[in-house]
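Novice: What follows is a predicted protein model with its sequence.
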Amino acid sequence: MAIPHHLHLPHLAAFHRLAPEIWTKIIDDYMTTLEAELQSPIKRLQLTLQLGMINSDSRAMVLNHPFVWRTIHLQWPGDAVDLFLDRAQKRGISLYLNTSQVLDPNDARARASVQRWALFLQTNMASFQDLDLNITTDSAARALSSVLTTPAPYLQTFTLALGPRIVDCNSNLFSCQAPNLRRARFNTSLPWNLRYFESLTDITARVGYSNCEQMLSELESLPKVVTISLAGNGSFDDVPSLQPASLTFLSCLQLQIKGMTSFSVRRLLATIRLPALKELKIDETISCDNEELIPSTILQVLPSAPLANACPKSVFVTIYPNRVKLRTEEPFKFHYTSDWRLVHTAVPPRDERILQTVVGMITAFPFVIDDGVTELTIHHHNRPNRGALTVLNAIDTHLFWRHLFHAYPHIRTLVLAGWVDEAIAVIRESTDVLPDLSQLDVKKTNTETEMLFAQSLEHIKQVRQGIQIVGQF
């Protein structure tokens, strides 16, 4: 293997005089600096071996520096895998395996590789701190499934991704003997027995109609889970009809839901209770049921989370041609994204239900009318009468702003960005709109009529005594 051009003589002579602690610092910095390149299995193998080729001193130091060797990709050549395992002293290993390189399961070499991987996993399971498996073929799944029942006494994180055609895998992971397991990731719609891993604090799982009920039940049984991330398959039945309020995640502080239609999200939120929740992230696709738009809003979260005393002071809204984003930060973090592209096939643009639903989504906070929210930030990226027609950019923006401001009567600080001509026009119409407004911050605003826009701002400043208007316009 070639030595890097910047390490050729005469620079190499200086390395002979370096103290061991300097070598250690060089090695650590080398691995840190090249972290991005080291994500590639081939690059990691090449760059790690290259580090020992500077001179005999570097070779000796690298060979006795276990940290360098503790990341192993099992699809490497067998002798390289064995070298890394030995030099890492067979402990603290982060092991990765991606079987997608086995293109032909009927090939004799492919079958031999799979058998070698299975034997290595079974023999060295006690050496692994992190285990990340991407199993893409049925043959690999059959060979490796039984191996995953091997106890893993020191394993802390486990990631398992299965190809979409794999419909069977032994669910008795590690024979329920992984006492140090903290984090688990499952990118597969198969069910898994998790209730015996009481040390788990962080779980990511893909759920669908076939495994959702069991996975939710398994999650409820875990006493220490703090972070839960659930991803759907984008189907309308990812979450089946379950008994309302039948499950409680007592220790969950953070919940993320993504890859689901709003129909499934609603079912999910109706099923679970989250008495300790502090952070919720929802990324859903708006769906229709009997021509009724059914987005999820914070109202569906209320029965699940202790929000009564968690009134935020600020709400942030961003509107795109196909998405609406809504977030609050303190004291309860709520991040919500809705994708509206599926609605195009069921509801025509300019249908009044679109406006009603969007405004209802943004103003569904129960504390809006109770002097709670005092700062509202809205980035409106939809240019009027321009671009491809979508259900969101076809909304009557004048009505949108009027309804929105009516729902937030106690706003004192309003931050606007994007195409907000109509927002300014609505504020100008009457001092009854946002009567408590004391600061209007206009950021990176786009406008069709700059002179009229400036005149409207000047008029607002004159009729609303004490109002401060700042920003770029």
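Specialist: Right, received. Where do you want to start? On a predicted model such as this, the values are computed, not experimentally measured, just so you know. Residues are numbered from 1 along each chain as shown.
Novice: any weak-confidence spans in the stretch 351-473 of the chain?
Specialist: Applying pLDDT under 70 to the stretch 351-473 of the chain flags the ranges 365-371, 387, 472-473.
Novice: Try it again at 80.
Specialist: Along the stretch 351-473 of the chain, segments meeting pLDDT under 80 span 364-372, 384-388, 444-449, 471-473.
Novice: State the distance from the spatially closest residue to residue 189 that is not a sequence neighbour to residue 113.
Specialist: Counting by Cβ to Cβ, 6 or more residues apart in numbering, residue 189 lies nearest to residue 208, which is 4.0 Å off, once chain neighbours are set aside. All C-beta spots, glycine's among them, are computed from the backbone N, C-alpha and C. Distance of residue 208 to residue 113, given as Cβ to Cβ, to the nearest Å: 30 Å.
Novice: the helices in the stretch 51-200 of the chain, which residues?
Specialist: 56-63, 66-69, 78-87, 108-124, 138-145 (DSSP state H, counting those that start in this stretch).
Novice: just those helices: most buried one?
Specialist: Across those, averaging neighbours per residue (mean count of other Cβ atoms under 10 Å) puts helix 138-145 on top, at a mean of 20.
Novice: other SSEs contacting it?
Specialist: Under the contact definition 3 or more Cβ pairs under 8 Å, 6 or more residues apart in numbering; DSSP states H and E, helix 138-145 sits against helix 108-124, strand 128-135.
Novice: cutoff 6 Å now
Specialist: helix 108-124 (3 or more Cβ pairs under 6 Å, 6 or more residues apart in numbering; DSSP states H and E).
Novice: Comparing the helices of the stretch 51-200 of the chain by mean pLDDT, which bottoms out?
Specialist: Note on the helices of the stretch 51-200 of the chain: helix 56-63 shows the lowest mean pLDDT, a mean of 69.
Novice: related to what we said a few turns ago, distance to residue 388 added to the helices of the stretch 51-200 of the chain, as TSV?
Specialist: Listed next are the helices of the stretch 51-200 of the chain as TSV, based on distance: least, Cβ to Cβ, whole Å:
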stretch	distance to residue 388
helix 56-63	56
helix 66-69	52
helix 78-87	51
helix 108-124	46
helix 138-145	42
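Novice: Compare the ones you listed and report which one is nearest to residue 35.
Specialist: In terms of Cβ to Cβ, the element of the helices of the stretch 51-200 of the chain nearest to residue 35 is helix 66-69, at 12.8 Å.
Novice: Mind listing residues that contact that closest one?
Specialist: Helix 66-69 is contacted from outside by 48, 62, 84, 87-89, using Cβ atoms under 6 Å, 6 or more residues apart in numbering.
Novice: Not counting residues beside it along the chain, what's closest to residue 43?
Specialist: Of all residues beyond its chain neighbours, the one nearest residue 43 is residue 37 (4.7 Å), with distances taken as Cβ to Cβ, 6+ apart.
Novice: Wait, residue 271 touches residue 242, no?
Specialist: Yes: with contact defined as Cβ atoms under 6 Å, residue 271 counts as touching residue 242 (4.5 Å).
Novice: Settle it for me: which of the two has more neighbours?
Specialist: Shown here are residue 271 and residue 242; by other Cβ atoms under 10 Å, residue 271 has more neighbours (20 against 17).
Novice: Name whatever forms a beta bridge with the spatially most central residue of the chain.
Specialist: By Cα atoms, centre = their mean, the chain has its centre lying nearest to residue 256, at 7.4 Å. Bridge pairing for residue 256 (DSSP bridges) gives the partners residue 229, residue 281.
Novice: What distance do you get for it to residue 229?
Specialist: Counting by Cβ to Cβ - residue 256 and residue 229 are separated by 4 Å.
Novice: do the same with residue 251
Specialist: For residue 251, the distance to residue 229 (Cβ to Cβ) stands at 15 Å.
Novice: Check residue 171 too.
Specialist: According to Cβ to Cβ, residue 171 and residue 229 sit 20 Å apart.
Novice: so how far is residue 124 from residue 84?
Specialist: Separation of residue 84 from residue 124 (Cβ to Cβ): 11 Å.
Novice: about what we covered before: which one of the helices of the stretch 51-200 of the chain lies nearest to residue 29?
Specialist: Distance to residue 29, taken as Cβ to Cβ, is lowest for helix 66-69 among the helices of the stretch 51-200 of the chain, at 12.1 Å.
Novice: Centre of the chain to the closest one, how far?
Specialist: Centroid separation between helix 66-69 and its chain, computed with Cα atoms, centre = their mean, to the nearest Å, is 30 Å.
Novice: how's the chain carved up into domains?
Specialist: 1-68, 316-473 (automatic domain parsing).
Novice: Just say which of the ones you listed is most tucked in.
Specialist: Stretch with highest mean neighbour count among the domains of the chain: domain 316-473 (a mean of 17; mean count of other Cβ under 10 Å).
Novice: neighbours around residue 238, how many?
Specialist: Applying other Cβ under 10 Å, I find that residue 238 has 26 neighbouring residues.
Novice: who are the neighbours in contact with the residue nearest to it when sequence neighbours are not counted?
Specialist: Nearest residue to residue 238, sequence neighbours excluded (Cβ to Cβ, 6+ apart): residue 232, at 3.7 Å. Shown in contact with residue 232 (Cβ under 6 Å, 6+ apart): 238, 259-260, 264.
Novice: make it 10 Å
Specialist: Counting by Cβ atoms under 10 Å, 6 or more residues apart in numbering, residue 232 touches 189, 206-209, 212, 238-239, 257-261, 264-265, 268, 284-285.
Novice: repeat for residue 78
Specialist: Taking Cβ under 10 Å, 6+ apart as the test, what residue 78 contacts is 112-113, 116-117, 120.
Novice: With residue 271 instead?
Specialist: Contacts of residue 271 by Cβ under 10 Å, 6+ apart are 212-213, 216, 239-247, 304.
Novice: I appreciate the help and will end here.
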